[in-house]
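Here is a sequence with its predicted model. Questions after.
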Amino acid sequence: MDHPAAPTELTAKTRQQIADVFAALTPLSTTTAAQGAGFEPQFGWIATMGVHWVDLARMTKSAQSTLKSPDNLMFSRINGRDSLVGAAYAYLTTAGDTAVPPLFDNHPAWHEHENLAPPGQTLVMLHVWFVPSPDGPFAGTNPNLPFWAAGLDAPDAVKMRDAAFNARVRRAALAIAEATDSTSIFPRLGGRPALQPLLAPKRDSVRTVIAELLAAQKASDAARWDRAAERAAVLWDSIYDAYLTTARTPEVRARIEHQAKMLLGQHEH
């Protein structure tokens, strides 16, 4: 999708539905409780989505009619602890199946993960965020998560309506994620020997920028924060180039490009 996206104004019923889902999941607001209820972590921490804790038994299309029983719980680190930041509904279906369950009054758009499904099928998913998200509660990604994971406040929500600021923050978020959890972007690529000498100094530079962002935040210095965010965005561009230049095949390069666009929220995934 293009940014900045203007979230659709939620109906009162939708707002109440989100509150109801959050209330229903309050007993599962820790990873220990989630695991005890049959949820297991999948994929690790994804920079702008968190960790998906999944109950595979619930992942059927018929089960998606149950609003208060999502099959995915999304956790991410806030204030130093794993926090329930959202939930998701997901199921496998035949590729091309466009009929999705009408869970919420606003009828938000579901998205697909064809790469996570067997041939001829697709994984259909809908996220709902319980924490602030610049694209609204049903966005596929949330760029605030890496900032919180690094101990920072979320970027200014009003300034996120500006296209240039928005794009810069999203790139900065991925750079911050690289320094916060080096396996969060491309877990299969980051450990390659050819990449290590390229990525290590860049990640060190991002850690320096995180400290600068924190200092700017404490000083309430918006201009200083913006300069640091720009530095982080430029570092992400450099990190991304390192991933691309070490891709061994055109297919791997294409997957890197697709994943980066997905994490940046540049298209539905």
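Arrived safely.

Quick check: buried residues in stretch 95-107?
100-101, 103-104, 106 (16 or more other C-beta atoms under 10 Å). For the C-beta atoms, the positions are set from N, CA and C on the backbone; glycine is no exception.

ah, wrong one, I meant stretch 108-128
108, 110-112, 117, 122-128.

C-terminal to the worst-scoring helix or strand of the chain on mean pLDDT, what's the next element?
Least confident helix or strand, the chain: strand 111-113 with a mean of 87, by mean pLDDT, DSSP states H and E. Proceeding N to C from strand 111-113, the next assigned helix or strand is strand 121-129, under DSSP states H and E.

S184: helix or strand, and which one exactly?
Judged by DSSP H and E, S184 forms part of no helix or strand.

Give me the local confidence score for it.
S184 carries a pLDDT value of 86.

can you list the domain ranges for this structure.
12-142, 159-264 (automatic domain parsing).

Beyond the helix or strand that contains T208, next helix or strand please.
Using DSSP H and E, T208 falls within helix 196-218. For helix 196-218, the following helix or strand on the C-terminal side (DSSP H and E) is helix 222-245.

Just the buried positions in that following helix, please.
Buried residues in helix 222-245 (16+ other C-beta under 10 Å): 225-226, 228-236, 239-240, 242-243.

Can you tell me which of these is nearest T14?
Set against T14, the nearest of the buried residues of helix 222-245 by C-beta to C-beta is A229 (31.6 Å).

and the closest one, what is it in contact with?
155, 168-169, 172, 213 (C-beta atoms under 8 Å, 6 or more residues apart in numbering).

So which of the buried residues of stretch 108-128 sits lowest on pLDDT?
Lowest pLDDT among the buried residues of stretch 108-128: A117, with 84.

related to what we said a few turns ago, the least confident helix or strand of the chain: partners in the sheet, and parallel or antiparallel?
strand 121-129 (antiparallel) (DSSP bridges).
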